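In: Just need the structure, nothing else, for what follows:
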Amino acid sequence: MKKLIATLASLALLAGACVMPAAAEETYSLGDVTMDGKVDTVDVMAVLDHYCLVEVLHMPSPLTDEQTVLAEVIGEGIIDTLDAFFILQYYSYTLTTDEPISPEEFFKQ
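Out: Down below sits the predicted model:
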């Protein structure tokens, strides 16, 4: 009986130690710099924070690599105040329309 309990306990420990596959990686919309599932003024502030630190104060960016890709919305190769402006413009658009489009479609225009 002791062997059976020891074997079952060992199996339970091994089963608990198995790595379970993670859920599918989330994808975020262009402009969703904070990666919270929405494009809003918080994303604008994140872009402006990056711009001030990197371009003005010559300090490291607070953004991760993935956030950097999401912040560069106009495709000029740098993150600057124009990116913040276009993210704010998209956010304003979503507040005033009944037929919203995706950020990707909006930033292509």
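In: dump the residue contacts of Gly37.
Out: Residues counted as contacts of Gly37 (Cβ atoms under 8 Å, 6 or more residues apart in numbering) are Tyr28. C-beta: built from backbone N, CA, C; applies to glycine.
In: what's the answer for Glu72, then?
Out: Glu72 neighbours (Cβ under 8 Å, 6+ apart): Ile78, Ile79, Asp83.
In: what's the burial count for the last one?
Out: Around Asp83 there are 26 other residues, counting by other Cβ atoms under 10 Å.
In: May I ask which helix or strand encompasses it?
Out: Applying DSSP states H and E as the criterion places Asp83 in helix 81-96.
In: What are the contacting residues of that helix?
Out: 31, 33, 39-41, 43-44, 47-48, 51, 71-74, 76, 100, 103, 106-107.
In: Now that we have those residues, which of them are buried?
Out: 31, 33, 39-40, 43-44, 47-48, 51, 71-73, 103, 106-107 (16 or more other Cβ atoms under 10 Å).
In: still on that earlier bit, let me have the contacts of Glu72 in CSV, extended by pLDDT and distance to Gln89.
Out: Output for the contacts of Glu72, formatted as CSV (pLDDT from 0 to 100; distance: Cβ to Cβ, whole Å):
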residue, pLDDT, distance to Gln89
Ile78, 94, 18
Ile79, 96, 16
Asp83, 98, 11
